[in-house]
Every structure is written in structure tokens, then in C-alpha cells.
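Chemist: Show me how the following folds:
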Amino acid sequence: MAADPQPLPAPRPGARRRRDTEHRLGGDTDAWVATASPEGVPHLVPLSFDWDGEALLVSTPADSPTGRNMAATRAARVGLGHTRDVTMVEGGVEVIGMGELPKDRADRFAERAGFDPRAGEGAYLWFRITPRRIQAWREVNEMAGRELMRGGRWSV
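Modeler: Here you go, the predicted structure:
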């Protein structure tokens, strides 16, 4: 016999969702990064990231599907958290050559991610994903009001 479902917690106000989202961006290390080719073929991979308060920094081989897609379309969608506490970030992508990122920024990424693409095999690139839209929700009762950023500006 199935257990009775637990009542949903009260939806968080927008300001609380924003604080929780900023905490997740600053505290999490890994995310799902979705891209698409210019022809629209989707691709999804887990990548480590670092958040500097304005953008997510990721690195992947230039010739990987994700690297090719981000370089071609300059767009990505990033999922943080799990399905019952998710943050979705849609953003524009800046492609940065491995030697073009300031050393302190690359060092910070390597320390947080536990991976240093500067020492990797093959040609890696940096990708800076600047949010244009951020949504966050836990349960169905938080679907309304889930948009926290639109057009690159926080709305809450």
C-alpha cells in the first residue's frame, strides 16, 4: 500500500528563491549543460562550473559536441539541482581561448572543479555563460513566479 503523499511546503517568495538560487550558483560545482547544433540536434552533458557572480565558467574540448555547439550558436541552457529543486539558466556564450582567461580566474575554476583544463589532453576552450533568463522552482506550487531573471536582469 502506497503511503499518503506529503503536503507540499508553502511556495517560497521571490526574494527567497533568488537567495536560494544565488546560493546554489555559488555553492554547486556541477551542472547539466544543454546545447544544440546549428541544425538543432540537442546534446546534454554534465560539466563542472564556477560562478563569479555574473556568469558561469565551464571548459570542454573544442571538438566535443558541446564545444562545437556553444562556439557555433553562442547559447546554452544549464540545469542545477535535482528535479524537485531545480534552477534553469539560459544564457549567451562567450568563447575564450585557453591562454586568454586571467590566471587567477583559471586557477579558481581548477580549484573548485577539481579539474584543470589547462593541463588536459587536446585543445580545450573556456566558455563563459552569461544568464539571460533564470527560473527556479521546487514543486508544482512554485511554477507560478518561477522566473527570477529576464533579459539578463533580476526581476526579484
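Chemist: Only alpha carbons, please: show stretch 114-131 as CSV.
Modeler: C-alpha atoms of stretch 114-131 as CSV (Å, rounded to 0.1, in the frame of the first residue of the first chain):
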residue,chain,number,x,y,z
GLY,A,114,39.0,19.6,-9.2
PHE,A,115,40.0,19.6,-12.8
ASP,A,116,42.4,21.9,-14.7
PRO,A,117,41.7,22.0,-18.5
ARG,A,118,45.0,23.8,-19.0
ALA,A,119,46.7,20.5,-18.2
GLY,A,120,44.3,18.4,-20.2
GLU,A,121,44.9,16.4,-23.3
GLY,A,122,43.7,18.0,-26.5
ALA,A,123,42.5,21.5,-27.2
TYR,A,124,40.1,22.8,-24.5
LEU,A,125,38.3,26.1,-24.6
TRP,A,126,36.7,28.2,-21.8
PHE,A,127,33.0,29.1,-22.2
ARG,A,128,31.5,31.9,-20.2
ILE,A,129,27.7,31.6,-20.0
THR,A,130,26.0,34.8,-19.1
PRO,A,131,22.5,34.4,-17.9
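Chemist: Contacts for it, please.
Modeler: The contact list for stretch 114-131 (C-beta atoms under 8 Å, 6 or more residues apart in numbering) reads 29, 48-49, 54-63, 67, 70-71, 76, 78, 89-98, 100-101, 106, 109-110, 149, 152. Backbone N, C-alpha and C define where each C-beta goes, glycine included.
Chemist: Mind checking which of those land in helices?
Modeler: Among the contacts of stretch 114-131, the ones falling in helices (DSSP state H) are G67, M70, A71, A106, F109, A110.
Chemist: burial measure for the third one, as a count.
Modeler: What it means is A71. 15 (other C-beta atoms under 10 Å).
Chemist: rewinding a little: any chance of the ones in helices among the contacts of stretch 114-131 in TSV, plus distance to A36 and pLDDT?
Modeler: Output for these, formatted as TSV (distance: C-beta to C-beta, whole Å; pLDDT from 0 to 100):
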residue	distance to A36	pLDDT
G67	13	98
M70	10	98
A71	13	98
A106	27	97
F109	25	98
A110	28	97
